[in-house]
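Novice: Predicted model, plus sequence, below.
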There are 2 protein chains.
Amino acid sequence: MTDDDLMTIRQMCDTFEVTPRTLRFYESKELLAPKREGQKRLFTRRDRARLKLILRGKRFGFSLEEIRQLLDLYEIGDDQETQLTQARAIAQNRLEDLKARRVDLEEAIADLEEQIAWGEETLQKLRRNPAA
Amino acid sequence: MTDDDLMTIRQMCDTFEVTPRTLRFYESKELLAPKREGQKRLFTRRDRARLKLILRGKRFGFSLEEIRQLLDLYEIGDDQETQLTQARAIAQNRLEDLKARRVDLEEAIADLEEQIAWGEETLQKLRRNPAA
DNA sequence: AGTCACATTGACGTTCACGTAAGGCAAACG
DNA sequence: CGTTTGCCTTACGTGAACGTCAATGTGACT
């Protein structure tokens, strides 16, 4: 454990396909908190885990602010009962949100598959009767 | 069928919880194409179907431009073989995208449930041993 | 005819999530 | 030792998706 699970900004960019600007921007919004060696940023394993969650959140259309709050849920660790209870409430809201999205997503998939099937069928008919 | 499945902008706003500005904006981007009675917009059943898809697309983080292209998939109807074939390609890409999202979403849900379970457990321990 | 409630068209403003120079520091290479 | 390379900060710019305000129009009461 030489503590060298640290990555430069460029390594991060290559790994996650983001720009340096993006990582600095996320830091400015307190989504990431890389260490420093002099001026230079060094991203930890924790930063990478968070970035993964950030990008996932973005794919689901969450704003960075929403993501920031979500991230905090994964980051309690040493805490009081009240905070845990609050966290549970927030987490359960998120969970319901996600489950609703799942339903929505299933519907979208079904719709599209139906649409594709209809297209296939129409193509078949066209080929049997090439009269436009 | 008095052709009165037409809605004013206000009815649309109330039904879908959007602002007039939003509907006009979508029209300017050619996502909607309400009829006119004089100056006033009248939204058809088709507009409502499209708006529903638009809002769903937004929930999944698609841009309006992406949504516009997606909408076209549902709007072929009278067409040539080539266009149908192209549409199928696009639709299948979308479908794979959606299915990937589904996997992603399942993971997110699993993560959160795990996190909540951990929180519950920690709460139990705290209650058995109220020594902070 | 008056006025009240809404709708419409510009046009400018705003927030979010970065992009894009401009200028400086510092290690590394020829 | 100069310069190229890579990262840093500061700061202004940008596109998307609307918000907001002003001026105008128009149908529906009273």
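Specialist: That came through, no problem. It should be emphasised that the depicted structure is a prediction, and the values quoted were computed from it without experimental measurement. Numbering: from 1, shown residues only, chains lettered A, B, ... in the order given.
Novice: Show me which residues of chain A are close to chain B?
Specialist: A:56, A:58-61, A:73-74, A:76, A:80-81, A:84-85, A:87-88, A:91-92, A:94-95, A:98-99, A:101-102, A:104-109, A:112-113, A:115-116, A:119-120, A:122-123, A:126-127, A:132 (CB under 8 Å from any CB of the partner chain). Just so you know, the C-beta spots here come from the backbone N, C-alpha and C atoms, and that holds for glycine as well.
Novice: Mind checking which of the residues you listed are buried?
Specialist: Listed as buried from the residues of chain A next to chain B are A:56, A:59-60, A:73-74, A:76, A:84, A:87-88, A:91, A:94-95, A:98, A:101-102, A:105, A:108-109, A:112, A:115-116, A:119, A:122; burial here means 16 or more other CB atoms under 10 Å in any protein chain shown.
Novice: Next, the closest residue to A:Tyr74 other than its chain neighbours: secondary structure please.
Specialist: Taking CB to CB, 6 or more residues apart in numbering or on different chains, and ignoring the residues beside it in sequence, A:Tyr74 has B:Gln115 as its nearest neighbour in space, at 6.1 Å. Secondary structure, DSSP: H, G, I helix; E, B strand; the rest coil: B:Gln115 is helix.
Novice: hang on, B:Gln115 packs against A:Glu75?
Specialist: No. With contact defined as CB atoms under 8 Å, B:Gln115 does not reach A:Glu75; the gap is 10.1 Å.
Novice: Contact residues of chain A facing DNA strand C?
Specialist: Residues of chain A found near DNA strand C (CB under 7 Å from any atom of the strand) are A:19, A:21-22, A:25, A:38-39, A:58, A:63-65.
Novice: Among those residues, which ones are in helices?
Specialist: Applying DSSP state H to the residues of chain A next to DNA strand C, the entries found in helices are A:21-22, A:25, A:58, A:64-65.
Novice: which stretches of chain A have low pLDDT?
Specialist: For chain A, residues meeting the criterion pLDDT under 70 lie at A:1-4, A:76-80, A:130-132.
Novice: Would you map the strands across it?
Specialist: Assigned by DSSP state E, chain A shows strands spanning A:35-37, A:40-42.
Novice: Tell me, how many residues neighbour the nearest residue to A:Gln11 once chain neighbours are set aside?
Specialist: Of all residues not flanking A:Gln11 in the chain, A:Phe43 sits nearest, at 7.8 Å (CB to CB, 6+ apart). Residues lying near A:Phe43 (other CB atoms under 10 Å in any protein chain shown) number 24.
Novice: Sounds good, over and out.
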